[in-house]
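S.K.: With the sequence up front, the predicted model follows.
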Amino acid sequence: MEKGKRRAVSPWGALTGGAALSLGLYLLWALLESLLLVKGAMPESGAFPLLGAACLCASLAGALRCAAVSPWGRMAAACACAAVFAAVLAAVGLLCWEGVAWTGRGGVLLLCALAGGLLAGLTGGRGRRGKRKRPRKGARLQS
């Protein structure tokens with residue numbers, strides 16, 4: 001592949017790749033946090049804020065990756081990736097636990113996931129269009 005050329009990525013491939021990255025990071029962080037809780041290195045009162053931060057950071061990382069490689073706009077790709085991540089979290093919550101309190105802590109985790117996508121969409125970055133080259137002052141236009 002030539003230098004500077006990017007491979008075309010389908011929108012759905014970028015979306016699933018970003019959501020998979022988010023889920024992987026979130027599960028890895030949750031495993032590490034549970035290990036710290038079991039070993040007594042972290043108090044139980046700090047478990048939920050750290051899990052919320054994990055959700056936000058994982059969503060942000062996956063949405064940034066999705067926005068970087070997706071042919072959609074930056075905000076649309078980042079928010080779509082965060083929505084897929086939040087939907088997977090909600091589906092796992094509904095399938096694995098009975099009576100999840102979505103108005104309590106479960107809802108906060110979903111909001112953290114969506115906020116990570118929004119932050120990724122709001123970050124700057126270069127646009128999809130390159131700068132137009134202006135002709136030099138003395139150059140003649142070709143027709």
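M.R.: That came in fine, so what should we check first?
S.K.: right, and Leu114 touches Ala63 too?
M.R.: No: under the criterion of C-beta atoms under 8 Å, Leu114 is not in contact with Ala63, lying 9.8 Å apart. Any C-beta I mention is one placed from the backbone N, CA and C, and that applies to glycine too.
S.K.: Between those two, point out the one with more neighbours.
M.R.: Taking other C-beta atoms under 10 Å, Leu114 and Ala63 do not tie; Ala63 has more neighbours (35 against 19).
S.K.: do you know how far the more buried one is from Ala77?
M.R.: Distance from Ala63 to Ala77, counting by C-beta to C-beta, to the nearest Å: 8 Å.
S.K.: overlap in contacts of the two?
M.R.: Shared contacts of Ala63 and Ala77, defined by C-beta atoms under 8 Å, 6 or more residues apart in numbering, are found at Gly18, Gly121.
S.K.: hmm, back to that, need the residues touching each of Leu114 and Ala63.
M.R.: By C-beta under 8 Å, 6+ apart, the residues touching both Leu114 and Ala63 are Cys79, Ala82.
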